[in-house]
Structures are given as C-alpha cells and as structure tokens.
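1. quick one, what's the 3D model for this:
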Amino acid sequence: MEYRRLGQTDMQVSIIALGCWPFAGGAFWGEQDDEVSVATVRAALDAGINCFDTAEGYENGHSERVLGRGLQGRRHEAIIATKVSPSHLAQADVIKACEQSLVNLQTDYIDLYQIHWPNWNVPLAETVAALQQLKQQGKIRAIGVSNFAVQDLGEMVALSECTTDQLPYSLLWRVIEREIQPLCLEKTVGLICYSP
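-> Numbering: from 1, shown residues only. I've put the predicted structure just below:
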C-alpha cells in the first residue's frame, strides 16, 4: 500500500480509503449486516488501508458506531475522518456533535474533523471557533471541509487552517480541476476525492 501525507499534517494515509457510508444502511444503501461491515474494516486494516471516512449524518451516527466496533483493539492503526452535519454548525452544536461522534467511534480523538456541507445561515467564523476549541482540547487533530467550492473554501482558508477539502472527483466528473484544485494547491489544502 502507498501512503501520502494528509494535507500539511504529519499523518500518513493510505492512497485508498474505506468510505463507510454504506455501513449505515437506510433508504439509500438498503439493509446491511453490521458483522460484515465490521469484518470489512478489519480486512481493510489487514490490507494496509488506514484511512476511514464516515459522518455523523450517515443514519444518525450508525456508520460511526459500526466503524468504532470494527476498530476495537486496532484504533492505533487507523486515521478516522468524520464530518459534522450542516445543521450542527452553530458553536454549541459543533461541540455536542463532536462529543457524540467520539462516543459513536469509541475513541477519545478524531484525526480529521470536517464540515460536511456549508451552511450559509451560520457564520463560518462561529463554526471555525468551535473547531479550533476542539483541536486545542485534543479532541480533533486536524480541521477539514467537504463539498466546499471556491467561495466557501476561500472564506475558510482566510479564517483558519484547512487541512483538506473532500469533493467528488473521477474520470467522468472533473469540474474541480477548473477552479477548486488550483485554489487548493495555492493554499496548500489537500484534496480528498469521493466517488472516484
């Protein structure tokens, strides 16, 4: 397995990550067997995959809870990336959401905590203040965003460090190459691709 530095952090992540949204099941993914999902996490670790992506919004934390089970006894081998929902971006809500994700994941820190989607009804500065507080407390190691286009990402990097921006990117969906990728390069923000 190849590994690369996650943004400007000292974390080394596998070039292939395991997206854990399907663990949640629900209307989008259909019924899932949690034991198969737990076994999938362990098989991924055995294959050298150390980066696991999830979110509190995947069926009310079910994906996080399944991932937490899969990492029992092997947390030290994993880089966990999870996300706070756009409805939880007020300062107190960010703190509460992070605390719940820590419980769900059965860990005392999150490696990469990301804003899942922008919410223009909550000042980004308020959200960033909460994220910085969590980082100072050691509850998160790095701050990132997901689905932030040029304007939102520009505002984010003006306010705070931003380790990564997670966006859809594939041979068929290359729109980020126009503006977002150059901005990420200029501001040294790492790109995490989903739906490759």
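2. quick one, what contacts the residue lying closest to residue 152 once chain neighbours are set aside?
-> With CB to CB, 6 or more residues apart in numbering as the criterion, residue 152 has its nearest non-adjacent residue at 4.6 Å, and that residue is residue 118. Using the backbone N, CA and C atoms, a C-beta is placed for each residue, glycine as well. Going by CB atoms under 8 Å, 6 or more residues apart in numbering, residue 118 touches 86, 124, 145, 147, 148, 152.
3. same question for residue 18.
-> Residues counted as contacts of residue 18 (CB under 8 Å, 6+ apart) are 40, 41, 44, 49, 51, 52, 53.
4. ok, now residue 82?
-> Neighbour list for residue 82: 53, 54, 55, 56, 64, 101, 105, 110, 112, 113, 114 [criterion: CB under 8 Å, 6+ apart].
5. most neighbours among those, which one?
-> With neighbours taken as other CB atoms under 10 Å, the top of those is residue 64, carrying 31 neighbours.
6. the nearest residue to that one once chain neighbours are set aside in helix, strand or coil?
-> Distances taken as CB to CB, 6+ apart place residue 104 nearest to residue 64, at 3.6 Å, with adjacent residues excluded. What DSSP: H, G, I helix; E, B strand; the rest coil gives for residue 104 is helix.
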